[in-house]
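Peer 1: Kindly generate the corresponding structure for this input.
(2 chains)
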Amino acid sequence: MRIMPGPKPIIITSDSVAFCFRLSRVIDSYNKGTLPRKIIQLREEGTDLCRQGLVRSGLARLRRAIISLKRTPP
Amino acid sequence: MSAPVASNAAGAQPGFLRLRSVSLRFALVYGILFVCSALLFLSFIWWGTVGLLEHRVEQAITIDSRALFSVWEESGPSGLTMIIDDRLEQDVDDNALYLLVNKDGKWIAGNLAEWPRQILPNHHWFSLPVQRAYTQDIAKVRAYALPDGYRLLIGRDISGRTLLRKMLTDTLLWAWIMVSLLAIGGGWLIRRLFRHVIHSISRTTQAITHGDMSRRMPVQGSDDELDEIAKTINEMLDRISRLMDGVRQVSNAIAHDLRTPITRARTQLEDAALHAKNEAELRAAIDKAVGNLDNVTSICEALLRIAQIESGARRSAFTLFDLIPALQDVCELYEAVAEDHGLIFKQNLPTHLPFFGDRAMFQQAVANLLDNAIKFSPPNGTITLSAEIVSTARRSDGNRGKLLNLSVTDEGIGMNEEDMARASERFFRAEQARNTPGSGLGLALVQAIVQLHDGQLQLASNSPGLITRIEIPLPDAEIVSPATPPAEHAIINS
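Peer 2: Model prediction:
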């Protein structure tokens, strides 16, 4: 395996508050009125954590909410 | 007498470590083997674990790439963009990395800000530094070329695995250091043990070198290999002591027994030279002197014969033959002698007796026993020669062995217990036998012949008289081939 030289690392864009909000919008894009309580709770917790600067924890909750949503039949 | 023994055995140099020391070499070999084995074992664990982690990452990326290629083939860039977004939205492990760019290098989809300049879409694996919100991690990526100049980068953040790898490396390294310390301790213990054994042997052998033949190796009583070595060395020393005593005793006996006839011959010749009045007296003196010197020659011949037999060289003449005709030949000769002495000679022999050995030599042994019996029997006494086959105890192969039991019984003066114990020593003559002609080598020769045939010579009291018994193991095969007797030996009676 080759190890790339150079001091400049590539930025991971998904590790940001903006990506949190994007995930939150993805959740919102589903039918809001029929969202289960658990998913709403995960979304709110995730968004709050991202706002507080705990981006990775927030992302983890939002992703779990999306996975749950996709498993829930429409 | 014991001389002072140097404390540094075998010319040892003083000092804690001696590079030419065998014990140090053993300890080093032990330590190096131990450390190398541990290194090999721990390296195998490291390589297996780290290799597995690397393989899992590569496998995940490869499977992912196949799925994305099929999406590209079905839906093109738009479909691939959607699936990449989906995957990033559902990446609970938060370690997936994707980047899709067009032919101009413009970002289309993914979570990497830009295409790394050094990476070409040539399907090689790369390790890439990536910047997260607060940390800088390492990612493993692979770049793929897509139609129309599109390029796809798929990777995984391996910082967690890198941390695990570092922990594993540290743990195994510490384990190896601990094992190395144990190896050093073990090597030191082995060196001490080895030195103890070597020094013990060295001290004993040095004491013996300085003349103290009474020194022996200490036996701990643990019945281990060290005790076995100590016992073997002690047995060897016992045997050497016995042999030295024997040599000393035989030297004294030779000096004494040869001096008597030589002195007698000299005196006779001197006396004849000074006082002989005529040729007849001179000739008579010379004949007596020749007789005495013949006696000296026969003693020397007997001694040489015993030495030759004891060396085991005669074993090459062993054959399988029937012992009975051989014994009858000897009996024929001694029947006449016994009759001359007014003795009754009885034989108690089986019809056949298969035997493996030297025919002439065995005849010599039996002749010596019969000669002794005739010499020490009173007139009208009875001498009996018996031979029989007896079964021995069951052997390891489950069969019973067979033993020749040959005995010569007389009704003569016999021997006390003390004399019987020493009867087979060279030049030994019992007190009652001092006045009987002989050199004291007859039973020594019988003993040597019996030992050559792996047998035993035993003496027992017949009250009155003596029973001389020979026990020799017989061959398993009962087939007696007609053996041609080897060249006849002169029978040496003493």
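Peer 1: C-alpha only now, for contacts and for neighbours.
Peer 2: OK.
Peer 1: Any buried residues in stretch B:261-273, and which?
Peer 2: Of the residues in stretch B:261-273, those buried under the neighbour-count criterion (16 or more other C-alpha atoms under 10 Å in any protein chain shown) are B:Pro261, B:Ile262, B:Ala265, B:Arg266, B:Gln268, B:Leu269, B:Ala272.
Peer 1: What separation do you get for B:Ala360 and B:Leu163?
Peer 2: The gap separating B:Ala360 from B:Leu163 is 90 Å, by C-alpha to C-alpha, to the nearest Å.
Peer 1: B:Asn252 now?
Peer 2: Using C-alpha to C-alpha, we find B:Asn252 at a distance of 89 Å from B:Leu163.
Peer 1: now swap in B:Glu332 and tell me
Peer 2: Using C-alpha to C-alpha, which is the criterion applied here, B:Glu332 is 103 Å from B:Leu163.
Peer 1: Tell me where the chain has helices.
Peer 2: With no chain named, the answer covers chain A. Counting by DSSP state H, the segments of chain A that form helices are A:17-29, A:37-51, A:55-71.
Peer 1: nope, chain B please
Peer 2: So, for chain B - with DSSP H - the helices run B:22-89, B:159-209, B:225-275, B:279-310, B:323-340, B:359-376, B:417-422, B:442-452.
Peer 1: so which of these gets nearest chain A?
Peer 2: When these are compared by C-alpha to the nearest C-alpha, helix B:22-89 sits nearest chain A, at 5.8 Å.
Peer 1: For the closest one, what is the distance to the chain centroid?
Peer 2: Taking C-alpha atoms, centre = their mean, to the nearest Å, one finds the center of helix B:22-89 at 51 Å from the center of the full chain.
Peer 1: coming back round to it: give me the subset of the buried residues of stretch B:261-273 touching chain A.
Peer 2: Filtering the buried residues of stretch B:261-273 for proximity to chain A (criterion: C-alpha under 8 Å from any C-alpha of the partner chain) leaves nothing.
Peer 1: residues of whichever strand in chain B runs longest that come out buried?
Peer 2: In chain B, assigned by DSSP state E, the strand with the most residues is strand B:382-394. By neighbour count on 16+ other C-alpha under 10 Å, the buried set for strand B:382-394 is B:Thr382, B:Ile383, B:Thr384, B:Leu385, B:Ser386, B:Ala387, B:Ile389.
Peer 1: Ok, stretch A:49-67 next?
Peer 2: Using 16+ other C-alpha under 10 Å as the burial criterion, the residues of stretch A:49-67 that qualify are A:49-50, A:54-56, A:58-67.
Peer 1: now do stretch B:247-264
Peer 2: Of the residues in stretch B:247-264, those with enough neighbours to count as buried (16+ other C-alpha under 10 Å) are B:Gln249, B:Val250, B:Ala253, B:Ile254, B:Asp257, B:Leu258, B:Pro261, B:Ile262.
Peer 1: Could you dump these into CSV with pLDDT and distance to B:Thr351 added?
Peer 2: Output for these, formatted as CSV (pLDDT from 0 to 100; distance: C-alpha to C-alpha, whole Å):
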residue, pLDDT, distance to B:Thr351
B:Gln249, 76, 43
B:Val250, 74, 41
B:Ala253, 73, 43
B:Ile254, 75, 43
B:Asp257, 73, 43
B:Leu258, 78, 44
B:Pro261, 78, 45
B:Ile262, 86, 47
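Peer 1: and of these, the nearest to B:Asp322?
Peer 2: B:Val250 (36.0 Å; C-alpha to C-alpha).
Peer 1: Go ahead and confirm that closest one touches B:Arg426.
Peer 2: Yes - when contacts are counted by C-alpha atoms under 8 Å, B:Val250 is listed as touching B:Arg426 (6.6 Å).
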